[in-house]
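Trainee: Sequence first, then the predicted structure, then my questions.
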Amino acid sequence: MDIGTTDPWTGEVWDLSDRRCQKRALKLIEEHRPKFLMLSPPCTLFSILQNLNPGKGTPEWEKRYAEAVELLRFCCTVAAFQVRQGRYFALEHPQGATSWTRAEVQRLGNMKGVGEVDLDMCAYNLKSRDADGEGAARKPTRLMSNSPCVLGGMAARCPGGHRHVHLMGGRAAAAARYTKECSS
């Protein structure tokens, strides 16, 4: 369920900031009981780079931030539901994102069996391009999960031996997609 996909039953694009879509998503999760859910709400507005954004604090920025908080809140609701049902989740955001300090994320992290693991996406072959060509994109990332497989198997850190491309100047958006190595 992603803003880029369509709900096959309604024909509408998923917009999980919309309470109506949230109710539909929760109903589907209750009905289909997925064993594992990967939750990755947009992280842009929680990025430490937002401190450099000249538009931060404007009414438009505040509106977008409120939508981002709502998506994060919904992901935490879904994750907590999975835990209570004896099923698994993983919540992913950049390691330094301010989302990790939010109360709803902290409450989720305090649930029994939930932990965190940090990883570097370059260890999973994330690449980007800059003026010097293609290079590894480190993208320090944190996963919160109740899955022993995620917590025990995803802690790959930068192996070194390569040049890093900094994810600034519009390059961060492309790094939002998971690599094949990270997905398998």
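Mentor: Now that the structure is in, tell me what you want to look at. No experiment lies behind these values; they were computed from the predicted model shown. Numbering: from 1, shown residues only.
Trainee: From the centroid of this structure, which residue is nearest?
Mentor: The centre of the chain sits closest to Ser40, judged by Cα atoms, centre = their mean, with a distance of 2.6 Å.
Trainee: Excluding chain neighbours, what is closest to it?
Mentor: Glu92 (4.6 Å; Cβ to Cβ, 6 or more residues apart in numbering). Glycine gets a C-beta too; all of them are placed from N, C-alpha and C.
Trainee: what kind of secondary structure is that neighbour in?
Mentor: Put simply, Glu92 is strand when judged by DSSP: H, G, I helix; E, B strand; the rest coil.
Trainee: what about it, neighbour count?
Mentor: By other Cβ atoms under 10 Å, 21 other residues sit near Glu92.
Trainee: ok, now which ones touch it?
Mentor: Met38, Leu39, Ser40, Thr141, Arg142, Leu143 (Cβ atoms under 8 Å, 6 or more residues apart in numbering).
Trainee: so where's this structure shaky on pLDDT?
Mentor: The model of the chain has pLDDT under 70 over residues 51, 167-184.
Trainee: Tell me which residue of the chain is furthest from the middle?
Mentor: Of all residues in the chain (Cα atoms, centre = their mean), Asp132 lies farthest out, 28.6 Å.
Trainee: hmm, back to that, let me know the closest of the contacts of Glu92 to Ile3.
Mentor: When the contacts of Glu92 are compared for distance to Ile3 (Cβ to Cβ), Ser40 wins out at 11.6 Å.
Trainee: thinking again about what came up before, sort out which of the contacts of Glu92 are buried, if you could.
Mentor: Buried members of these, scored by 16 or more other Cβ atoms under 10 Å, are Leu39, Ser40, Thr141, Arg142, Leu143.
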